[in-house]
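Enquirer: Fold the following.
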Amino acid sequence: MKLNLFEKKILPMLVLVFFALLSGRVFGQKIIVGAEQTQEYFPLLEGKRVGLVGNQTSMVGTVHLLDTLMHSGIKVVAVFSPEHGFRGQAEAGAHVNSGTDAVTGVPVFSLYGKSKKMSPEQLGGMEIVVFDIQDVGARFYTYISTLHYVMEACAENNVPVLILDRPNPNGFYVDGPVLDTNYRSFVGMHPVPIVHGMTIGEYAQMINGEKWLKNGLQCDITIIKVRNYTHDSLYELPIAPSPNLQNINSIYLYPSLCCFEGTTISVGRGTGTPFEVIGSPSFRTKEFSFVPKPIKGVSANPLHNGKVCYGLDLRAHGKMVVETKRLNLGYLVTMYRNSDKNTFFLKNNFFDKLMGNGELRKQLQKGLSERQIRASWEPALSQFKAMRQKYLLYE
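Expert: Just a heads-up that it's a prediction; the model follows:
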């Protein structure tokens, strides 16, 4: 059968362009993060006393942003570190201590210890704060909570914030229940769905615009936008954003799996595939298993340490998120129905905090289907999507 000109030449070219768009590259247009655009923000920092909020993802190419700033003669007087620490070596939930950066000698203040908010004394004499952290786009990933408190402290002390924006690897969809503010915590501070579909810069605009800071304050923010990025871009992070999100598959699965942190189900901490496998010793199906063990700097005492856990192997499931553009509730329904229901949820109600409501737990206990659960997310989810449009910086 003969192929016509469209089938032979034009159609293959359209397919290539389509996949180039998805990967964030069109005709050689590479995604350029805010931190790499030094010509745009160095003039805003020169001659000023600068504070830096960052971690191991705060890179300018292959050089850390802190080193880049100091080598350029910019005076960084203090560093502020979020969950996992400034060099990203602390486990999830582990206390992060203040101290001194071993590489540069700059004082480091923890924003994930006794206090999650900068003090007036720490900001004293500071003329601008730079925020540069790679987020993964889930409400319970605590970097956006850190962003809130940084903006609040700076607004209270009249210190402007410069945000060096980065792509959201889960920025291509919006899904999940919108947080009920009665369940506000550090793993969910704002009335947004689990997957909000915004970059740090866009999220900061929403915090300001919706007046979510204390007393309705607004922070003076400047955003260095990402070049050649849209919300359809599939962006693979060059550096792990935290010790247990080690690849793009785990990052795609994370919004669907983090809910298990409020249950007796392991998410694979203490294995080589965290957030790619789920299971427990009591799961009824025995086709797949793993054994969590301590891993230094990643999981010192993982759930079900040393015990055989049976469950689901999701190492090939990340691509399903890209295709469906939605959370996978099926994992949660399957694990609940095949586990001991009396011990499934932790007694500390952490599941409710992660979900941002007390309804989802009750819906599972009543035996509601995924379709019925999803229906309960409306109309709040659609209302959020409409409100979100006001703050988008990228198509």
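Enquirer: The stretch 201-350 of the chain: strands as residue ranges?
Expert: Here the stretch 201-350 of the chain has its strands, by DSSP state E, counting those that start in this stretch, at 221-224, 277-280, 289-290, 309-313.
Enquirer: quick one: which of the ones you listed is nearest Gly209?
Expert: Judged by C-beta to C-beta, the one of these that comes nearest to Gly209 is strand 221-224, at 10.8 Å. Every C-beta, even on glycine, is put in place using the N, C-alpha and C of the backbone.
Enquirer: Now do the helices in the chain.
Expert: Ranges of helices in the chain, per DSSP state H, are 5, 11-22, 38-45, 65-71, 120-123, 143-156, 200-209, 248-257, 318-324, 330-337, 350-355, 359-366, 370-375, 380-388.
Enquirer: how much space is there between the residue lying closest to Lys116 once chain neighbours are set aside and Gly306?
Expert: If the residues on either side of it in the chain are set aside, Lys116 comes closest to Tyr149, at 5.4 Å by C-beta to C-beta, 6 or more residues apart in numbering. Using C-beta to C-beta, to the nearest Å, we find Tyr149 at a distance of 38 Å from Gly306.
Enquirer: ok so, going back, may I have the residues that are in contact with the residue nearest to Lys116?
Expert: Leu111, Lys116, Lys117, Met118 (C-beta atoms under 8 Å, 6 or more residues apart in numbering).
Enquirer: Show the pLDDT at the closest residue to Asp180 other than its chain neighbours.
Expert: Nearest residue to Asp180, sequence neighbours excluded (C-beta to C-beta, 6+ apart): Asn357, at 4.5 Å. Predicted confidence (pLDDT) for Asn357: 98.
Enquirer: How about Leu16?
Expert: Looking at Leu16, the pLDDT reads 37.
Enquirer: who's in contact with Asn157?
Expert: Met118, Pro120, Leu123.
Enquirer: sorry, that was for Gly306
Expert: Contact analysis of Gly306 by C-beta under 8 Å, 6+ apart lists Val291, Pro292, Lys293.
Enquirer: now swap in Gly268 and tell me
Expert: Pro274, Phe275, Glu276, Val277, Ile278, Phe290, Pro292.
Enquirer: what's the answer for Lys390, then?
Expert: Lys390 makes contact with Met206, Gly209, according to C-beta under 8 Å, 6+ apart.
Enquirer: Tell me how far it lies from Lys325.
Expert: Counting by C-beta to C-beta, the gap from Lys390 to Lys325 is 21 Å.
Enquirer: what's the distance between Pro292 and Gly272?
Expert: 11 Å.
Enquirer: do the same with Val187
Expert: Distance of Val187 to Gly272, computed by C-beta to C-beta: 25 Å.
Enquirer: ok, now Lys286?
Expert: 21 Å.
Enquirer: what ranges of the protein fall below the confidence cut-off?
Expert: 1-28, 84-85, 87-98 (pLDDT under 70).
Enquirer: Nearest residue to the middle of it?
Expert: Nearest to the mean C-alpha position of the chain, counting by C-alpha atoms, centre = their mean, stands Val136 at 2.7 Å.
Enquirer: show me the contacts for that residue.
Expert: The neighbourhood of Val136, defined by C-beta under 8 Å, 6+ apart, consists of Asn168, Pro169, Asn170, Leu237, Pro241, Leu245, Ile251, Tyr254.
Enquirer: Among those residues, which pair sits farthest apart?
Expert: For these, the farthest-apart pair by C-beta to C-beta is Asn168 and Leu245; their separation is 13.6 Å.
Enquirer: okay, those two: which has more neighbours?
Expert: Counted by other C-beta atoms under 10 Å, Asn168 and Leu245 do not tie: Asn168 has more neighbours, with 27 against 21.
Enquirer: ok, how many other residues are close to the closest residue to that one other than its chain neighbours?
Expert: Nearest residue to Asn168, sequence neighbours excluded (C-beta to C-beta, 6+ apart): Gly137, at 4.2 Å. When neighbours are defined as other C-beta under 10 Å, Gly137 has 25 of them.
Enquirer: What is the burial count for the closest residue to Val77 other than its chain neighbours?
Expert: Nearest non-adjacent residue to Val77, counting by C-beta to C-beta, 6+ apart: Arg49, 4.9 Å away. By the criterion of other C-beta under 10 Å, Arg49 has 16 neighbours.
Enquirer: wait, what's in contact with Arg49?
Expert: Counting by C-beta under 8 Å, 6+ apart, Arg49 has contacts Lys75, Val77, Gly125, Met126, Glu127, Ile128.
Enquirer: partners of it in the sheet?
Expert: Judged by DSSP bridges, the bridge partners of Arg49 are Lys75.
Enquirer: For the stretch 51-200 of the chain, which segments count as strands?
Expert: Residue ranges of the strands in the stretch 51-200 of the chain, as given by DSSP E, counting those that start in this stretch, are 59-60, 63-64, 75-81, 99-100, 107-110, 128-132, 161-164.
Enquirer: got a list of what the closest residue to Glu152 other than its chain neighbours touches?
Expert: In space, and not counting its chain neighbours, Glu152 is closest to Leu213: 4.7 Å by C-beta to C-beta, 6+ apart. By C-beta under 8 Å, 6+ apart, the contact set of Leu213 is His148, Met151, Glu152, Ala155, Ile207, Cys219.
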